[in-house]
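S.K.: How does the following fold in three dimensions:
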Amino acid sequence: MLELRDRMRARHEALKAKFKRLDVRRRSGYTVETWEFYPDDILVVKTMFLIPDKATPFVTPVTVCMAMNEASVKGLAGEEDPYGVKCTPLALNAVRRGEIAVALALPGCANGAPDDLNAADSRKRYIAYLQGTDWTDAKLIELEKRMCQDFLKGRTDFKR
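M.R.: Predicted coordinates for the structure are as follows:
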């Protein structure tokens, strides 16, 4: 068991730095940073960080919001959902309370889907991928949350 834990920790450490910023936009009272990161060689996770203007690194609480099925991180962030799916803007509500909000999606779901696939076909591809690995949705969600926590811990300021 210890060997597996060590391998997972080593894998997590190797993946930690694979964040890529896609966009930064100012909103009234907060900044939206769009990123993607790579929990595996094949998977990409799109995420949005909503950072209140008065956020202080290591002090401001962080809320993680998970988009499931057809909901998207854009919908969670209160942005226009590219799929027209209505969902509760949990990340937007959190940033309005003064918290840093992280909107995450599973790869292959909604805006984690490749552009040429609809959400349902993308979800089928994602499930087929999981079946060929030792990953489960729960493991991947936990890894995504941990990677985002580590990423935020490594930031000493919030670039706008």
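S.K.: Check the spacing between residue 73 and residue 54 real quick.
M.R.: Going from residue 73 to residue 54 by C-beta to C-beta, to the nearest Å gives 23 Å. (Each C-beta comes from the backbone N, C-alpha and C, glycine too.)
S.K.: So those two - more neighbours on which side?
M.R.: A count of neighbours by other C-beta atoms under 10 Å puts residue 73 above the other of residue 73 and residue 54, at 26 against 9.
S.K.: okay but the more buried one is in contact with residue 103, surely?
M.R.: Yes. With contacts counted by C-beta atoms under 8 Å, residue 73 reaches residue 103, the gap being 4.0 Å.
S.K.: list the residues that contact both of the two?
M.R.: Listed as contacting both residue 73 and residue 103 by C-beta atoms under 8 Å, 6 or more residues apart in numbering are 47-48, 67, 91.
S.K.: Could I get the buried residue list for stretch 92-108?
M.R.: If you call a residue buried by 16 or more other C-beta atoms under 10 Å, then stretch 92-108 has these buried ones: 92-96, 99-108.
S.K.: And for stretch 18-29?
M.R.: Within stretch 18-29, the residues that qualify as buried are residue 19, counting by 16+ other C-beta under 10 Å.
S.K.: Other residues contacting that stretch?
M.R.: If you take C-beta under 8 Å, 6+ apart as the criterion, stretch 18-29 is touched by 31-38, 46, 52-53, 95-96, 151, 159-160.
S.K.: Counting neighbours, which of those comes out on top?
M.R.: residue 95 (27 neighbours).
S.K.: Next up, identify which helix or strand that residue is on.
M.R.: Assigned by DSSP states H and E, residue 95 belongs to helix 90-96.
S.K.: For the longest helix anywhere in the chain, which helices and strands make contact with it?
M.R.: As assigned by DSSP state H, the longest helix anywhere in the chain is helix 137-153. Secondary-structure packing of helix 137-153 (3 or more C-beta pairs under 8 Å, 6 or more residues apart in numbering; DSSP states H and E): helix 2-15, strand 30-37, strand 45-52, strand 62-67, strand 100-105.
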